[in-house]
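Trainee: Below is the sequence, then the predicted model.
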Amino acid sequence: MELEKRGVVAPLVVTSTFLPLVQAQAKARRVDPRVIVVPHPIGGLNEAELAEKIAFAAAALLALADEARGTS
Amino acid sequence: MTTDWDVAVVGAGTAGLTAATVAARSGLRVVAYDRMAPGGQLVNLTVLHDFPQPGLVSGASELMAELVAQAAAAGVTMNFAEVTRVHAGAPPRLSTTDGEVTAGAVLVATGLSAGRLGLRGEEELVGRGVSTCAGCDGPLFRDRSVAVVGDDEWTADEALELAGLASTVTVLVPGEPRWSAARAERLAAADRVEVLTSASVVALRGSGVLSGVIVRTAGGERELAVSGLFSYVGRRGPAGLVDGVPADAAGRLHAGSGAPAAVGPVFVAGDARAGAEQSLAAATADGTRAGEAAVAALRPADGGLNLRIIDPTHGVLPEDEGAAAGAPAGTTDWTQVALFSNSKPNATELLQGMGAKLRAHWDLPELGFASKESASVPADGDTIDWLAQRYRMVLVAAGD
Amino acid sequence: MTELGVLDLPGVTEESWQEEAFRRGWGDGLPTVAPTPARVEAALAALAGFDLELAPVPPSGLVPTRESFAANAVMAGCRPADLPVVLVAIRALLAPEYNLHGVLATTHPCAPLVVVNGPARLDLGINCGANCFGQGTRANAVIGRAVQLVTTHIGGARPGSMDRSTQGGPAKYSFCFGENEEESPFEPYSVRRGFGSGQSVVTVAATEGPHNINDHGSTTGEDLLLTIAGTMAQPGSNNVYVKGPHFLVLGPEHAATLHRDGWTVPDLQQALWERARIPVEKVSRANQRQFEDWGVQPDGDAFPVSTGPEQLHVLVAGGAGKHSAWIPSFGATAAVSRPVPVPT
């Protein structure tokens, strides 16, 4: 969130479980972060499961990144 | 008596955060421990029924954000170490994964563990059909059949939540339901929900992923084809966490009748307390009571002369601060992209996987990389400076 | 529940307040006065009629409330009458050109220098004479300290976390003095800055503590300037490459000698701009390259200590004796002067 305040595009990768915490922090700091939500959990996954999460998250990232680049 | 903290709260769910806020607002130095994220059972829910009052519906994440923000504003320090043991004494001591700390009073508000049926193969199927969180995993079962096991308010809420996603929801109640009439009405009105009473799950089916459960009812055993099983029975309280405090059959701690004090200045609040009603309203009320009890316990016996002061650190955030994001920092351009890991397990792997796809997509030379020393400490200013100066975009692993 | 900004400290008494404050990480290491509502109200009474609106204090970005602002002044030991000067100093510190965020986050040892001109010095008993930079005068001690406590407590610039100073400096406890207008042969500094002669003015800048300039032997202004310029030509000060404002505080006796020999303030600024030069060979090759990277070139075969004569702020303060002082600065800051308003 600090990075976004400094003008860097900084998408936060959070799991569904952590999303509310990140939202609470953002609220306290009055920022509106770019967030990529990934289904919980991330820890303890095997390779195939991780690949699935990566594919899921990367799709969101590419859309977000293109949009950020396109608008600046 | 000098202690590391005035009050240490174990478990930052509804009861814990409420208690922590009450204590901190009284000027006490409060730490709230949670080995996961704050929020407790709220993490698992998206919509809350009959809260803040009967007939109303509110968002769980909003409530949780509110509880966390209130605690932070009151000055509660969050800590993500795991508390492994509470030693009663004067003062009480807490063993944590970050070492030992002392506190004038301890509030145990751990809630209950995830529900387990205790069946063969159950652990292997966790995350592969077996779940305890409709809010987290519900979307994975869109248009598929699921079963929910339990008999309380949380069970009913989770079933109602799943009813919006799954094709059918079968609620298996081990005996008779304990949920409120309002919940019963709502369940009856949901056409995708079927409630079976005196029903128990005796076996799980599926290799690799769950394909069904064997249900025993008065009419005998039969297989129910489901791809998701959400279990809210077999949830255990924190038995053994506190020296010398007895637990009930479900591992919930006995706090003594009427008062929440378990032993000395150690208090139990919320679902972790034997006899707790296990509803949001009860957890809030319990948390308030426990917080007030801790404040009272720390007041000196002479009637408690408090020194009232104006907080020299108090300030207010300006109304419209922070909207100014977006101006490029320095001279960076879009080829300068970095990954910033929080050092949690698999976080770096996830970021690298995502980064590789972006590299291919944007045809980038290579990506920068930084990581926090440890997931439990805030990012240090130098690293942030370095990233802000060198990169146009930084992908951050913030929470998992 | 208590109202926001008010704390009931359970079991704490006036006797145990100090320990409680230290335990909470409040203060500057010296004992503080408990900011009870009665004391804070009394302090605020001295600000009746003043505009108490303040800008956010970095790095926390929190805006002090009138009560929390006054609580810090109380903790520092201020009397109610000191509050207007503290308020104006804080407001000057929050001017963008002062660069408070940078000042607090830097590794440089800078402190918030507070200089007072005008009648407020006499009203409050601010020491402008003997030992004016040193201990022993309440007004100097508490005003400078209050300013520091506001940035520490409300801005959250606690040493070691958001205050990243490598070594810090004793001036960070408190650095406040008044100009010795009565013994100065020159116009008061504030008047030269464009304020009225009867007006009380507070000037702040982020500076080091004072560096002594001892010259007992010189009997002419010209000779004195050799010592002063030599003292200012320091290859290790931020003024070498960050430039920015710096202060020459002449002792009254040095000032009298310079004035007797016909030196005016603009003459002094010009002469010292030309003469306070650091020969390039006093700066290591590697450090010269570092300066170059930051866009700083020597002027011929020497580095000047600022960007021009106007960056040298000349004041007179102190008592009897042949000492003056040079106060180098953080560089990336400005000397910000604000009048102390007459309450309406």
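Mentor: Good, I have the coordinates. Numbering: from 1, shown residues only, chains lettered A, B, ... in the order given.
Trainee: C-alpha from now on. contacts and neighbour counts both.
Mentor: Noted.
Trainee: need the strands for the chain, in chain order.
Mentor: By default, I'm working from chain A. A:12-15, A:35-38 (DSSP state E).
Trainee: actually it's chain C I care about, not the one you picked
Mentor: Using DSSP E, strands in chain C cover C:6-9, C:63-64, C:111-117, C:176-178, C:201-207, C:211-214, C:246-250, C:277-279, C:302-304, C:312-316, C:323-327, C:336-339.
Trainee: before we move on, the earlier item: can you put the strands of chain A in a markdown table and add mean neighbour count, mean pLDDT and distance to chain B?
Mentor: Output for the strands of chain A, formatted as a markdown table (neighbours: other Cα atoms under 10 Å in any protein chain shown; pLDDT from 0 to 100; distance: least, Cα to the nearest Cα, whole Å):
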| stretch | mean neighbour count | mean pLDDT | distance to chain B |
| --- | --- | --- | --- |
| strand A:12-15 | 24 | 82 | 5 |
| strand A:35-38 | 22 | 82 | 9 |
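Trainee: distance of the closest residue to residue C:66 other than its chain neighbours from chain A?
Mentor: Spatial nearest neighbour of residue C:66, chain neighbours left out: residue C:52 (6.3 Å); criterion: Cα to Cα, 6 or more residues apart in numbering or on different chains. To chain A, residue C:52 is 24 Å away according to Cα to the nearest Cα, to the nearest Å.
Trainee: again, but for residue C:91
Mentor: Distance from residue C:91 to chain A, by Cα to the nearest Cα: 24 Å.
Trainee: Also residue B:84?
Mentor: From residue B:84 to chain A the distance is 21 Å (Cα to the nearest Cα).
Trainee: was I right about that residue contacting residue B:98?
Mentor: No - with contact defined as Cα atoms under 8 Å, residue B:84 and residue B:98 do not form a contacting pair (10.2 Å).
Trainee: Counting neighbours around each, name which of those two comes out higher.
Mentor: residue B:84 (15 against 11; other Cα atoms under 10 Å in any protein chain shown).
Trainee: Packing partners of the helix or strand in which that one is found?
Mentor: Following DSSP states H and E, one finds residue B:84 within strand B:83-87. In terms of contacts (3 or more Cα pairs under 8 Å, 6 or more residues apart in numbering or on different chains; DSSP states H and E), strand B:83-87 is packed against strand B:93-96.
Trainee: ok, and for the strand it packs on, which residues are buried?
Mentor: By neighbour count on 16 or more other Cα atoms under 10 Å in any protein chain shown, the buried set for strand B:93-96 is B:93-96.
Trainee: ranges for the strands of the stretch 101-250 of chain B?
Mentor: Secondary structure of the stretch 101-250 of chain B (DSSP state E, counting those that start in this stretch): strands located at B:130-131, B:145-149, B:168-172, B:193-196, B:200-205, B:212-217, B:220-224, B:228-231.
Trainee: what stretches of the chain score poorly on pLDDT?
Mentor: Just going to use chain A. Where chain A drops to pLDDT under 70, the residues are A:17-31, A:71-72.
Trainee: try chain B instead
Mentor: By pLDDT under 70, the low-scoring segments of chain B are B:1, B:41-58, B:256-264, B:300-305, B:320-331, B:343-344, B:372-380, B:399-400.
Trainee: Give me the domain ranges for it.
Mentor: Split into domains by automatic domain parsing, chain B comes to B:5-113+B:236-298, B:123-231, B:337-396.
Trainee: Tell me the residues of the stretch 201-350 of chain B that contact chain C?
Mentor: By the rule Cα under 8 Å from any Cα of the partner chain, the part of the stretch 201-350 of chain B lying against chain C is B:295, B:298-300, B:304-318.
Trainee: Weed out the non-buried ones from these.
Mentor: B:295, B:298-299, B:306-315, B:317.
Trainee: Make TSV out of the residues you listed and add secondary structure.
Mentor: Output for these, formatted as TSV (DSSP: H, G, I helix; E, B strand; the rest coil):
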residue	secondary structure
B:295	helix
B:298	helix
B:299	coil
B:306	coil
B:307	strand
B:308	strand
B:309	strand
B:310	strand
B:311	coil
B:312	coil
B:313	coil
B:314	coil
B:315	strand
B:317	coil
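Trainee: just so I have it, where are all the helices in chain A?
Mentor: For chain A, the helices defined by DSSP state H cover A:2-5, A:19-29, A:47-70.
Trainee: out of these, nearest to chain C?
Mentor: Closest to chain C of these, according to Cα to the nearest Cα: helix A:19-29, at 9.4 Å.
Trainee: what's around the residue of the stretch 201-344 of chain C found nearest chain A, how many residues?
Mentor: Among residues of the stretch 201-344 of chain C, the one nearest chain A by Cα to the nearest Cα turns out to be residue C:332. It sits 19.2 Å away. Using other Cα under 10 Å, residue C:332 is surrounded by 19 other residues.
Trainee: how much space is there between it and residue C:159?
Mentor: As judged by Cα to Cα, to the nearest Å, residue C:332 and residue C:159 stand 20 Å apart.
Trainee: Then residue B:168?
Mentor: 60 Å.
Trainee: What is the neighbour count of the closest residue to residue B:116 other than its chain neighbours?
Mentor: Closest residue to residue B:116 apart from its sequence neighbours, by Cα to Cα, 6+ apart: residue B:234 at 5.1 Å. For residue B:234, the neighbour count with other Cα under 10 Å is 17.
Trainee: isn't residue B:234 right up against residue B:132?
Mentor: No - if you go by Cα under 8 Å, residue B:234 and residue B:132 don't touch, sitting 11.3 Å apart.
Trainee: before we move on, the earlier item: can you list the helices of chain A in TSV and add distance to residue B:362 and mean neighbour count?
Mentor: Shown next, in TSV, are the helices of chain A (distance: least, Cα to Cα, whole Å; neighbours: other Cα atoms under 10 Å in any protein chain shown):
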stretch	distance to residue B:362	mean neighbour count
helix A:2-5	21	21
helix A:19-29	28	20
helix A:47-70	9	16
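Trainee: Let me know which of those is the nearest to residue C:105.
Mentor: Closest to residue C:105 of the helices of chain A is helix A:2-5 (Cα to Cα; 15.0 Å).
Trainee: so, in contact with chain C or not, that closest one?
Mentor: No - on the criterion Cα under 8 Å from any Cα, helix A:2-5 is out of touch with chain C, staying 11.7 Å away.
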